[in-house]
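Chemist: Let's see this in three dimensions:
(one chain, ligands or ions: 2)
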Amino acid sequence: AERPQLLDDEEGGVIFFSAPSSAAGYGYANLERQRQRLPVYKFRTAILYLVEKHATSIVVGETGSGKTTQIPQYLKEAGWAEGGRVIACTQPRRLAVQSVASRVAEEMGVKLGEEVGYTIRFEDVTNPGVTVIKFLTDGVLLREMMDDPLLTKYSVIMVDEAHERSLSTDTLLGLLKKVQRRRPDLRLIISSATIEAKSMSAFFSSSKKRPIQVPGDHIPEAVPAIISVEGKGFPVEIHYSEESFSNYVEAAISTVISIHSQEPAGDILVFLTGQDDIEAAVRLLMEDGQAPESRSSGLLILPLYSGLPRAEQDLVFSPTPKGKRKVIISTNIAETSLTLEGVVYVVDSGFSKQRFYNPISDIENLVVAPISKASARQRAGRAGRVRPGKCFRLYTEEYFVKEMPNEGIPEMQRSNLVSCVIQLKSLGIDNILGFDWISPPAPESMIRALEVLYSLGVLDDDAKLTTPTGFQVAEIPLDPMISKMILSANEYGCSEEVITIAAVLSIQSIWVSMRGAQRELDDVKLRFAAAEGDHITYLNIYKGFLNSGKSPQWCHKNFINYQAMKKVLEIREQLIKLLKRLGMILKSCEKDTLAIRKAIVAGFFAHACRLETFGQNGMYKTLRSSQEVHIHPSSVLFRVNPKWVIYNSIVSTDRQYMRHVLAIDPSWLTEAAPHFYQLQKPYPAAY
Ligand code: ADP
Ligand code: MG
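Modeler: Ligands and ions are numbered 1, 2, ... in the order given. Next comes the predicted model:
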């Protein structure tokens, strides 16, 4: 059969994508047949040959061709898991790790957590000695290097979704290149949905240093092999909007409704940006479905985002009930990381949530920003898996052609590098600026990160990790500022409380999403609100939750997300174990919130702001860079506007909003970080 070319969709019209597979079926034999129908199956021998011969192999193939689920199994079948060795496969996203691991366990007919397992932060579903195929986030593999720098238990490491260029993926690739020099027996597979392969290949070919010869070991070919996994595809018709929309959620909903009333059967996949707009869209569509003579009856509406409870995730992957049409409303997790069967229509908002870091203002933002053409093509491709499909782009063709960037910027070049730097330091990489980066970050960002780490007491004058603070902060798998806050809590005698705060800050939100019902939510918040700010409010909520006997009804009544609270309990348990290992004692300060607040400031002094203009949602300026910021409407301090605050993170919409805000006394800043504030007096004499 002839392979259709991937046409440029600038020409207008049709693009082809690969890899249809059979309809979902059940039973082991059926699964086996499905496996053999995947495009990657034809390349099984070739892939195994290349992995044998080359230190690094690069596999390129469209989403759904079987890279993630099949290649680890081929490797196992070929003996790479013998002799106690493990095959690793990394993913940038936690949800993808869980989902592909359970799929592979099912295909192999084993229980998840035995031969096939997974590890994500705060959740280890493996059985050491038994697990031979292990899925994990790239971040977790980086952490494993701290205990075992050469990753000796792995025979093959597959770095999947490399085209995403996540911060951890890029860091990992730089480190793995170093590991390879010392471990000629290690094989790397880099897999990618797009042809980023050339730059990857160049990266792994260019080496100033020769591999270190280990006597008796066969030295594999250093130049990477590239293999493209092809499959026949179905055409996807692209439809552009006539004009641009000011509200993409509404535009998406009306597009879904018109697809449902005009197009033949087939599931719909909608790309929005995050939990907020996804839940808003789900609610609006459901409300529409309840209206008499509704045009959206017969729709099965399902959200998909990270942090979604397990049961709801499973619904997304289960076959569409007869007579129904599934509408999956997703973040860009469904762009390449997950394969959804049965999708024939794609609705693309043209946006995703992205991190942006500005080293001048030292602010990292989470922003809803335009996607790249490469992403738009991937999204469209999700419509052509089972039969010819359609993609509805909620933007104009002119916008696509003239304004959308060709490629996204690697996360490395738009992130705060504090976590990345501390990780490299803890692996003994001293010359950070000279590290072998696949795409070097801005030197300004590096310098900012070093500065913050120095002020946190994590690095010394020679930019080496301090003992014990630096090593302890590196050991805790959280943002270094949160880790420092926890360590300081030990000194202030309030670790019980502060690990609760740390756990809450590590999840998305403890509130159920209440878009459109802000007033009710505000009323509920008053029940828990603490004058000191959000952090202390979280403690009140946690206490209330415990007093209720961890009751789901209590959560429901108070608009609190029960799943999130369960996660908080889990993370707390993990943190307690970790702190015991670091030799810390768990201690409660009872009602002394001063101790708690000082511990928080010890971690987050760099995020201090002063109120500039009073009034409804007044304006603050960051002390560090005089940036205008405001308190986020979700904060209990939204209407209070204390003079001095610190925040945990910034989100941008029409303005820059601080999330998780705490009122402070400015003298705590100089106390916590004298060197950081020695030059710029935090407050004018008038105060
Ligand atoms: P790739 O990594 O190349 O994008 P995958 O290995 O993830 O491809 O998927 C290969 C095939 O496995 C898909 O086309 C789909 O048929 C099937 N599959 C993967 N995950 C699931 C799942 N959770 N449920 C059902 N089928 C799945
Ligand atoms: Mg994959």
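Chemist: What parts of this protein come near ligand 1?
Modeler: Remark: the part of the chain in contact with ligand 1 comprises 21, 38, 61, 63-70, 99-100, 103, 317, 339, 341, using C-beta under 6 Å from any ligand atom. Every C-beta, even on glycine, is put in place using the N, C-alpha and C of the backbone.
Chemist: What count of nearby residues applies to the residue nearest to R387 when sequence neighbours are not counted?
Modeler: Residue nearest to R387 in three dimensions, not counting chain neighbours: F234, with 5.6 Å by C-beta to C-beta, 6 or more residues apart in numbering. By other C-beta atoms under 10 Å, the residues close to F234 number 20.
Chemist: Who does F234 form a beta bridge with?
Modeler: F17 (DSSP bridges).
Chemist: For the stretch 501-650 of the chain, give the residue positioned nearest to ligand 1.
Modeler: Proximity to ligand 1, evaluated over the stretch 501-650 of the chain using C-beta to the nearest ligand atom, is greatest for Q563 at 20.3 Å.
Chemist: mind checking which helix or strand that residue is in?
Modeler: Using DSSP states H and E, Q563 falls within helix 562-581.
Chemist: List the buried residues in that helix.
Modeler: By neighbour count with 16 or more other C-beta atoms under 10 Å, helix 562-581 contains the buried residues 562-565, 567-568, 571-572, 574-575, 578-579.
Chemist: Nearest spatial neighbour of the residue of the stretch 101-250 of the chain found nearest ligand 1, chain-adjacent residues omitted?
Modeler: In the stretch 101-250 of the chain, the residue found nearest to ligand 1 is R103; the distance is 4.1 Å by C-beta to the nearest ligand atom. Excluding its sequence neighbours, the residue lying closest to R103 (C-beta to C-beta, 6+ apart) is T69, at 5.5 Å.
Chemist: and the helix or strand where the one you found lies, what other elements does it pack with?
Modeler: Assigning secondary structure by DSSP H and E places T69 in helix 67-77. Applying 3 or more C-beta pairs under 8 Å, 6 or more residues apart in numbering; DSSP states H and E, we find helix 67-77 packed against helix 44-53, strand 56-61, strand 86-91, helix 94-108, strand 133-137, strand 154-159, strand 187-192.
Chemist: got a markdown table for these, with mean neighbour count and mean pLDDT too?
Modeler: Below are the helices and strands packed on helix 67-77 laid out as a markdown table (neighbours: other C-beta atoms under 10 Å; pLDDT from 0 to 100):
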| stretch | mean neighbour count | mean pLDDT |
| --- | --- | --- |
| helix 44-53 | 17 | 96 |
| strand 56-61 | 26 | 94 |
| strand 86-91 | 26 | 98 |
| helix 94-108 | 21 | 95 |
| strand 133-137 | 27 | 98 |
| strand 154-159 | 25 | 98 |
| strand 187-192 | 25 | 96 |
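Chemist: isn't the residue nearest to R387 right up against P388?
Modeler: Yes: using C-beta atoms under 8 Å, F234 is in contact with P388, at 4.7 Å.
Chemist: Quick check: the closest residue to G274 other than its chain neighbours vs V367, distance?
Modeler: In space, and not counting its chain neighbours, G274 is closest to K353: 4.8 Å by C-beta to C-beta, 6+ apart. In this view, K353 and V367 are 7 Å apart by C-beta to C-beta, to the nearest Å.
Chemist: Neighbours of F614, how many?
Modeler: 9.
Chemist: follow-up on the earlier one: any idea of the pLDDT on the residue nearest to G274?
Modeler: K353 is assigned 94 on the pLDDT scale.
Chemist: so who does it touch?
Modeler: The contact partners of K353, by C-beta atoms under 8 Å, 6 or more residues apart in numbering, come to 273-274, 331, 366-369.
Chemist: same thing but at 6 Å, please
Modeler: Counting by C-beta atoms under 6 Å, 6 or more residues apart in numbering, K353 makes contact with 273-274, 366, 368.
Chemist: go on, A202?
Modeler: Shown in contact with A202 (C-beta under 6 Å, 6+ apart): no residues.
Chemist: Next secondary structure after the helix or strand containing it?
Modeler: Assigned by DSSP H and E, A202 belongs to helix 197-205. For helix 197-205, the following helix or strand on the C-terminal side (DSSP H and E) is strand 225-229.
Chemist: now for that following strand, which elements pack on it?
Modeler: For strand 225-229, the elements it packs on are strand 56-61, judged by 3 or more C-beta pairs under 6 Å, 6 or more residues apart in numbering; DSSP states H and E.
Chemist: outside of the strand it packs on, which residues touch it?
Modeler: With contact meaning C-beta under 6 Å, 6+ apart, strand 56-61 is reached by 50-51, 67, 188-192, 195, 197, 200-201, 204, 224-229.
Chemist: Swap in 8 Å and give it another go.
Modeler: With C-beta under 8 Å, 6+ apart, strand 56-61 has contacts from 18-19, 39-40, 47, 50-51, 67, 71, 180, 187-195, 197, 200-201, 204, 224-231.
Chemist: mind checking how far it is from the chain centre?
Modeler: What separates the centre of strand 56-61 from the centre of its chain is 23 Å, taken as C-alpha atoms, centre = their mean, to the nearest Å.
Chemist: Ok, stretch 488-508 next?
Modeler: Relative to its parent chain, stretch 488-508 has a centroid offset of 22 Å by C-alpha atoms, centre = their mean.
Chemist: Any idea how far apart the tips of that stretch sit?
Modeler: Using C-alpha to C-alpha, to the nearest Å, the end-to-end distance of stretch 488-508 comes to 24 Å.
Chemist: wait, isn't S166 in contact with T137?
Modeler: No: contact criterion C-beta under 8 Å: S166 and T137 do not qualify, at 9.3 Å.
Chemist: Check the contact lists of the two and give me the overlap.
Modeler: Joint contacts of S166 and T137 (C-beta under 8 Å, 6+ apart) are P92.
Chemist: And L662, how close does it get to V629?
Modeler: L662 is 14 Å from V629, by C-beta to C-beta.
Chemist: who has more neighbours, the two?
Modeler: Using other C-beta under 10 Å, the more surrounded residue of L662 and V629 is L662, with 28 against 23.
Chemist: Where does pLDDT dip in this protein?
Modeler: Of all residues in the chain, those with pLDDT under 70 make up the ranges 1-28, 195-197, 207-218, 232, 292-293, 513-517, 678-687.
Chemist: Can you tell me which residue sits nearest the middle of it?
Modeler: Centroid-nearest residue in the chain, with C-alpha atoms, centre = their mean: R93, separated by 4.9 Å.
Chemist: Quick one: residues contacting that residue.
Modeler: R93 neighbours (C-beta under 8 Å, 6+ apart): 137, 161, 306, 333, 337.
Chemist: which pair in those spans the largest distance?
Modeler: Farthest-apart pair in the contacts of R93 is E161 and S306; separation 14.0 Å (C-beta to C-beta).
Chemist: more crowded one of the two?
Modeler: With neighbours defined as other C-beta under 10 Å, E161 and S306 compare such that E161 has more, 25 against 15.
Chemist: can you count the residues close to the residue nearest to that one when sequence neighbours are not counted?
Modeler: Using C-beta to C-beta, 6+ apart and skipping the chain neighbours, the partner closest in space to E161 is P92 (5.4 Å). Counted by other C-beta under 10 Å, the residues lying close to P92 total 23.
Chemist: from what I can see P92 touches S168, true?
Modeler: Yes: using C-beta under 8 Å, P92 makes contact with S168 at a distance of 6.8 Å.
Chemist: Identify the contacts common to those two.
Modeler: Common contacts of P92 and S168, defined by C-beta under 8 Å, 6+ apart, comprise 137-138.
Chemist: Helices of the stretch 351-500 of the chain, residue ranges please.
Modeler: Along the stretch 351-500 of the chain, counting by DSSP state H, counting those that start in this stretch, helices occupy 373-381, 397-402, 418-426, 443-455, 469-475, 480-492, 495-505.
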